[in-house]
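**Student:** A predicted structure for the sequence below; I have some questions about it.
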Amino acid sequence: MAGEPINVNEFEELARKVLPKIYYDFFSGGAEDQYTLKENIEAFRRIIIRPRILVDVSKIDMSTIILGHRTSAPIIVAPTSSHQLAHPEGEVATARGAAACNVIMGVAFTSTCTMEEVASSCKAVRFIQTFAFKREITANMVQRAERNGFRAIILTVDAPRLGRKEADIKNKMIAPPFKNFEGLISTEVVSDKGSNVEAYAAETLVPSFCWKDIAWLKSITKLPILIKGVLTGEDATKAIEAGVAGIIVSNHGARQLDYTPATISVLEEVVHAVQGKVPVLLDGGIRRGTDIFKALALGAKAVLIGRPVIYGLAAKGETGVKQVIEMLKNELEQTMALAGCCTVDDITRSHVNTETERFLCRM
Ligand SMILES: Cc1cc2nc3c(=O)[nH]c(=O)nc-3n(C[C@H](O)[C@H](O)[C@H](O)COP(=O)(O)O)c2cc1C
Ligand SMILES: CCCCC(=O)C(=O)O
């Protein structure tokens, strides 16, 4: 690649060049055979856009409202851990990039900067992400989130234990200090068996966490709860019954259970189960504005972007994060104009064709 990156994939190439291999592998990798990792991207390619012509597209408005917050585009920075392994300024730089683009910033509790550092560094609307942690960790997180102006809790439910990323095992990947845990976990988290991420998980995660624990989480906070990691209509129905404020269709960027479906291929199933009761968001494999358009056409309110943001951060810090988000926004704007959609509400189911539909047409 010569010159400046002009799309998200070129940012990945740049990140691969600047990062030590062990960290590039950590950020880019998926679980086991990485079937789902490839599928998250491939499944988008199998969806075709049905543009409408001769629509007045002289003004395109990508803005939307997510849980009451107006944002410039249906894009949220996905909560991902360990940003200081990509860039010394870590999550603070990422959050500033998100703020500059007026999109919502998802902050992982396993961040390398503290929640407080991120909160005081930028004006972005921030959501805090947590796992099925021990109750004392969750209670601490909730108090700090409320005190520091976080607007929602993202509860990630696809990780009762950690997925097996074989590159990390081979590379003996050592997690950076997750500063939010200071004073909360007693033992020094180290391991001589290679990756210490397992040790972190064993110290903090509660594999017995289940649906009834959502009622407990609701009882200790007024913040809306988004549940992240839903892949079936059945679980979407249960999530609504549990009283969540939103659902994120996600397979954790293919880093947990391999051979789960590409998220875009199960979005409609979840959307049908939810019946418009709460917003449905999606992440996994978004690399183009056309991908965002397809997700919206199939019923998502917005999408979350994981790895592309990290690649931007690795390549150019805050500026890189901003450039990656702006690229995706520009591509979405271009797609909307060429498909004849002036606002996000104009993007409908009839603007795309799935592979199944094309197959059924031939029968
Ligand atoms: C390096 C890395 C770290 C992640 N850390 C977390 C995390 O701490 N909590 C979480 O809920 N999801 C985490 N995720 C998953 C993301 O939130 C998101 O679901 C995924 O990255 C979306 O796929 P994409 O990377 O293809 O955009 C992580 C993903 C990556 C790549
Ligand atoms: C203990 C860190 C968890 C990070 C994570 O969720 C991931 O790498 O996918």
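**Tutor:** Yes, it's here. Ligands and ions are numbered 1, 2, ... in the order given.

**Student:** how near is Glu42 to Pro261?
**Tutor:** Distance, Glu42 to Pro261, by CB to CB, to the nearest Å: 11 Å. Heads up, the C-betas are built off the backbone N, CA and C, glycines and all.

**Student:** who has more neighbours out of the two?
**Tutor:** Pro261 (18 against 13; other CB atoms under 10 Å).

**Student:** so what's the more buried one closest to, chain neighbours aside?
**Tutor:** Leu231 (6.6 Å; CB to CB, 6 or more residues apart in numbering).

**Student:** OK, contacts around the one you found?
**Tutor:** Neighbour list for Leu231: 158, 249-251, 260-261, 263, 266, 270 [criterion: CB atoms under 8 Å, 6 or more residues apart in numbering].

**Student:** which of those residues sits closest to ligand 1?
**Tutor:** Ser250 (4.5 Å; CB to the nearest ligand atom).

**Student:** tell me the pLDDT of Arg50.
**Tutor:** Per-residue confidence (pLDDT) for Arg50: 98.

**Student:** is it correct that it is in contact with Asn353?
**Tutor:** Yes - with contact defined as CB atoms under 8 Å, Arg50 counts as touching Asn353 (5.8 Å).

**Student:** which of the two has more neighbours?
**Tutor:** Applying other CB under 10 Å to Arg50 and Asn353 shows that Asn353 carries more neighbours, namely 16 against 13.

**Student:** residues touching the residue nearest to that one when sequence neighbours are not counted, list them.
**Tutor:** Among residues not flanking Asn353 along the chain, Ile48 sits closest, at 4.6 Å (CB to CB, 6+ apart). Listed by CB under 8 Å, 6+ apart, the contact set of Ile48 reads 352-353, 358.

**Student:** dump those to TSV, plus distance to Val92 and pLDDT.
**Tutor:** Shown next, in TSV, are the contacts of Ile48 (distance: CB to CB, whole Å; pLDDT from 0 to 100):
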residue	distance to Val92	pLDDT
Val352	38	98
Asn353	42	97
Arg358	46	88
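
**Student:** of the contacts of Leu231, which is the most crowded?
**Tutor:** Val249 (32 neighbours).

**Student:** gap between that residue and ligand 2?
**Tutor:** 17 Å (CB to the nearest ligand atom, to the nearest Å).

**Student:** ok, now Lys179?
**Tutor:** Taken as CB to the nearest ligand atom, the span from Lys179 to ligand 2 is 13 Å.

**Student:** up against ligand 1, what does this protein have?
**Tutor:** 27, 40, 78-81, 108, 110, 129, 156, 228, 250, 252-253, 255, 283-286, 305-307 (CB under 6 Å from any ligand atom).

**Student:** can you do 5 Å?
**Tutor:** 27, 78-81, 108, 110, 129, 156, 250, 252-253, 283-285, 306-307 (CB under 5 Å from any ligand atom).

**Student:** which ones among those are found in helices?
**Tutor:** When the residues of the chain next to ligand 1 are checked against helices (DSSP state H), the matches are 27, 307.

**Student:** apart from its chain neighbours, what residue comes closest to the closest residue to ligand 2 within the stretch 251-363 of the chain?
**Tutor:** When scored by CB to the nearest ligand atom, the stretch 251-363 of the chain has Arg255 as its residue closest to ligand 2, at 4.1 Å. Leaving out its chain neighbours, the residue that sits closest to Arg255 by CB to CB, 6+ apart is Gly163, at 5.1 Å.

**Student:** assign that neighbour to helix, strand or coil.
**Tutor:** What DSSP: H, G, I helix; E, B strand; the rest coil gives for Gly163 is coil.

**Student:** hmm, Ala31 and it touching each other?
**Tutor:** Yes - using CB under 8 Å as the test, Gly163 is close enough to Ala31 to be in contact (4.0 Å).

**Student:** what touches both of these two?
**Tutor:** With CB under 8 Å, 6+ apart, Gly163 and Ala31 have common neighbours 255-258.

**Student:** nearest to ligand 1, of the residues you listed?
**Tutor:** Nearest to ligand 1 among the shared contacts of Gly163 and Ala31, with distances taken as CB to the nearest ligand atom, is Arg255, at 5.8 Å.

**Student:** verify the contact between the residue of the stretch 251-363 of the chain closest to ligand 2 and Ala31 for me.
**Tutor:** Yes - using CB under 8 Å as the test, Arg255 is close enough to Ala31 to be in contact (5.6 Å).

**Student:** returning to what we had before: so how far is Leu282 from the residue nearest to Asn353?
**Tutor:** On the measure of CB to CB, Ile48 and Leu282 end up 18 Å apart.

**Student:** who in the protein is up against ligand 2?
**Tutor:** Counting by CB under 5 Å from any ligand atom, the chain sits next to ligand 2 at 81, 110, 200, 255.
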